[in-house]
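1. next input, structure requested:
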Amino acid sequence: MAATPQKPAAAPVRRKVSRHRGEGQWAMGHYTPLNGNEQFKKDDDGLNVRTRIETIYSKRGFDSIDPNDLRGRMRWWGLYTQRKPGIDGGKTAILEPEELDDKYFMLRVRIDGGRLTTQQLRVIGGISEEFARGSADITDRQNIQLHWIRIEDVPEIWNRLEAVGLSTTEACGDCPRVVIGSPVAGIAEDEIIDGTWAIDEIHERYIGSKEFSNLPRKFKTAISGSPLLDVVHEINDVAFVGVEHPEHGPGFDLWVGGGLSTNPKIGVRLGAWVPLEEVPEVWAGVVGIFRDYGYRRLRTRARLKFLVADWGAEKFRQVLEEQYLKRTLIDGPAPAEPLQRWRDHVGVHRQKDGRYYVGFAPRVGRVDGTTLTKIADLAEAHGSGRVRTTVEQKMIVLDVEEEQVEPLVAALDALDLTARPSPFRRGTMACTGIEYCKLAIVETKARGSLLIDELERRIPEFDEPITINLNGCPNACARIQVADIGLKGQLVLDKDGNQVEGYQVHLGGALGLEAGFGRKVRGLKVTAEELPDYVERVLKRFQDEREDGERFAAWAARASEEALS
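-> Below you'll find the model as predicted:
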């Protein structure tokens, strides 16, 4: 029998071999800086710039500042140059940094856990009035930001803040930023565990330390023992969420790898239960992994969420236990579903000591120095020496006696700081926007305030919890992807074909145990002028089509594109 002919062997495919430079991970031996940010951090630690600010720049003025300090290291002390007035959004991505820079700064006051005394609040208000043209914004990470700051005034501002126990240390930069915490920690009747001690220990041991002052990018932390899940734990690099372990009692469930911006990711549970006294050590282990294994080659992939996505929860926990903690963590339960839709603590609530706390709603976080001072005065006049900021750009007065509650509520109303806001006032947030931010494309604060007024006038009967978040650019500082209605600022075409300010719309995002990102309807963009009409239209359709008890996010997930347009 003749042999079966064989097909000739295929020629080997030649692949181009390129030398992989790695991701800039220190733990893999990649210490050579692979971009300008890594180079300036290697040249000099960001924390060292304070001496130059105090001894050189504040005396010689703005023009004396080294560019790597100006647009890099000064962030480690809470300072960003703000946007030069008059530059429209179309030029944001075109102009060079020095063309966008004004000779004034945004200064971020770090407020860990959102905790302030009335004395501290009064000092911030005074600094705003004297050095910041009265500006002040409450952020969605519990900080307060001031604008129009001159470099000449920074040392005096630091002196005043530090005299009352505040600082701007590592309020920005590639380092551990403010630790957000439950604003009612230690006082709420329903609290599972008070995380205040852990926040203080982390601050005392690690903030301002060069152990973690050179991370691949910023690092965000949340710690809360509230059953309301009130610190947006799903979108932090690390979060400790209060849970009750069936054998070990109250402690924290450990989450890692959350974050938004242009590549949003929900954090993942490691399945580990952490007792209060071990939180600082475990926190340091997670930050250590980020420092050593984080991707430093590309800034766009330098957040912890990318490492977690590549490794997975199992490997991350294994590395944490074996290389950093040198012990095994205890397995633990997931947090229970919160019983309330609103988690912002706005309104009047009883404390566990029998007194009350009163949460109130400034407009989209925008206040001013005079108002901050008046809030301090009102709190003291009604028996309280403590206030809090929240992650929804709101504020709370603690420790109010029952007979003082209604007088305080009335006094807040008189300042347009209502403790009984409409759903629109309560649920609308906005980032800094084009007024001050060099990354922004559109205006946000005034637009958000106007939207509140219009919706209150047009749909006064609307009483469902609703979140409306406005962002001036794609970076999601105002958490647009996890809002019921998220509005991402961009330039759009109006009906006449003119390029105008507008927003891409995200619908049905949410946080909580049903966390998820909003739906984008193809081509759905609205001009700033059309925004009130659009939001009114979609909310009325929700009212008409919703099923009993259905949340906006659930309706938006099933609604037709026509209903959402």
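2. what segments of the stretch 451-565 of the chain are helices?
-> With DSSP state H, counting those that start in this stretch, the ranges of helices along the stretch 451-565 of the chain come out as 531-545, 552-558, 561-564.
3. from the contact counts, what lies against the last one?
-> With contacts defined as 3 or more Cβ pairs under 8 Å, 6 or more residues apart in numbering; DSSP states H and E, the packing partners of helix 561-564 are strand 519-527, helix 531-545. (Each C-beta comes from the backbone N, C-alpha and C, glycine too.)
4. and the ones you listed, which one's lowest on average pLDDT?
-> The weakest mean pLDDT among those belongs to strand 519-527, with a mean of 90.
5. buried set for it?
-> 519-521, 524-527 (16 or more other Cβ atoms under 10 Å).
6. got the contact list for it?
-> If you take Cβ atoms under 8 Å, 6 or more residues apart in numbering as the criterion, strand 519-527 is touched by 490, 492, 494, 500-508, 534, 556-557, 561, 564-565.
7. out of the residues you listed, which are buried?
-> Using 16+ other Cβ under 10 Å, the buried ones in those are 490, 492, 501-508, 534, 556, 564-565.
8. could I get the residues you listed as JSON lines with distance to residue 304?
-> Converted to JSON lines, the buried ones among the contacts of strand 519-527 look like this (distance: Cβ to Cβ, whole Å):
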{"residue": "490", "distance to residue 304": "27"}
{"residue": "492", "distance to residue 304": "33"}
{"residue": "501", "distance to residue 304": "33"}
{"residue": "502", "distance to residue 304": "33"}
{"residue": "503", "distance to residue 304": "29"}
{"residue": "504", "distance to residue 304": "26"}
{"residue": "505", "distance to residue 304": "29"}
{"residue": "506", "distance to residue 304": "23"}
{"residue": "507", "distance to residue 304": "28"}
{"residue": "508", "distance to residue 304": "26"}
{"residue": "534", "distance to residue 304": "36"}
{"residue": "556", "distance to residue 304": "29"}
{"residue": "564", "distance to residue 304": "33"}
{"residue": "565", "distance to residue 304": "37"}
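9. quick one: residues contacting residue 488.
-> By Cβ under 8 Å, 6+ apart, the residues touching residue 488 are 471, 473-474, 476, 480, 503-506.
10. please flag which of the contacts of strand 519-527 sit within strands.
-> 490, 492, 500-507 (DSSP state E).
11. how many neighbours does residue 436 have?
-> 23 (other Cβ atoms under 10 Å).
12. thinking again about what came up before, any idea which of the buried ones among the contacts of strand 519-527 is closest to residue 331?
-> residue 508 (33.1 Å; Cβ to Cβ).
13. so the residue nearest the centre of the chain, which of the three states?
-> For the chain, the residue sitting closest to the mean C-alpha position, by Cα atoms, centre = their mean, is residue 141 at 4.5 Å. Using DSSP: H, G, I helix; E, B strand; the rest coil, the three-state assignment for residue 141 comes out as coil.
14. what residues are up against it?
-> Contacts of residue 141 (Cβ under 8 Å, 6+ apart): 177-178, 180, 220, 391.
15. got the residue ranges for the helices in the stretch 101-250 of the chain?
-> Using DSSP H, counting those that start in this stretch, helices in the stretch 101-250 of the chain cover 118-131, 154-163, 196-206.
16. packing partners for the last one?
-> The criterion is 3+ Cβ pairs under 8 Å, 6+ apart, and the helices and strands that helix 196-206 contacts are strand 176-181, strand 219-224, helix 279-293.
17. pull the CA atoms of the last one into PDB?
-> Read it as helix 279-293. Extracted in PDB, the C-alpha atoms of helix 279-293 (Å, rounded to 0.1, in the frame of the first residue of the first chain):
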ATOM      1  CA  VAL A 279      -7.000  47.800  61.200                       C
ATOM      2  CA  PRO A 280      -3.900  50.100  61.100                       C
ATOM      3  CA  GLU A 281      -1.500  47.100  60.500                       C
ATOM      4  CA  VAL A 282      -3.700  45.600  57.800                       C
ATOM      5  CA  TRP A 283      -4.100  49.000  56.200                       C
ATOM      6  CA  ALA A 284      -0.300  49.400  56.100                       C
ATOM      7  CA  GLY A 285      -0.100  46.000  54.500                       C
ATOM      8  CA  VAL A 286      -2.500  46.900  51.700                       C
ATOM      9  CA  VAL A 287      -0.600  50.200  51.100                       C
ATOM     10  CA  GLY A 288       2.700  48.300  51.100                       C
ATOM     11  CA  ILE A 289       1.400  46.100  48.400                       C
ATOM     12  CA  PHE A 290       0.400  49.100  46.300                       C
ATOM     13  CA  ARG A 291       3.800  50.800  46.900                       C
ATOM     14  CA  ASP A 292       5.800  47.700  46.000                       C
ATOM     15  CA  TYR A 293       3.700  46.000  43.300                       C
END
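18. picking that back up, is it possible to export the contacts of residue 141 to CSV including distance to residue 129?
-> Putting the contacts of residue 141 into CSV (distance: Cβ to Cβ, whole Å) gives the following:
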residue, distance to residue 129
177, 26
178, 23
180, 27
220, 30
391, 26
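19. check contacts around residue 465.
-> So residue 465 contacts 341-342, 423, 426-427, 551 (Cβ under 8 Å, 6+ apart).
20. just name the most buried of the helices of the stretch 101-250 of the chain.
-> Of all the helices of the stretch 101-250 of the chain, helix 118-131 has the most neighbours on average by mean count of other Cβ atoms under 10 Å, namely a mean of 21.
21. give me the helices and strands touching that helix, please.
-> Packed against helix 118-131 by the contact rule (3+ Cβ pairs under 8 Å, 6+ apart) you find strand 135-138, strand 144-149, helix 154-163, helix 369-381, strand 386-389.
22. same question for that helix, mean pLDDT?
-> So the average pLDDT for helix 118-131 ends up being 98.
23. what's that helix in contact with?
-> 109, 116, 134-136, 144, 146, 148-150, 153, 156-157, 160-161, 163-166, 368-373, 375-377, 379-380, 384-387.
24. hmm, back to that, make CSV from the helices of the stretch 451-565 of the chain and add distance to residue 289 to it.
-> Formatted as CSV, these follow (distance: least, Cβ to Cβ, whole Å):
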stretch, distance to residue 289
helix 531-545, 42
helix 552-558, 33
helix 561-564, 40
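25. check the buried residues of strand 519-527 and tell me the two furthest apart.
-> 519 and 527 (20.5 Å).
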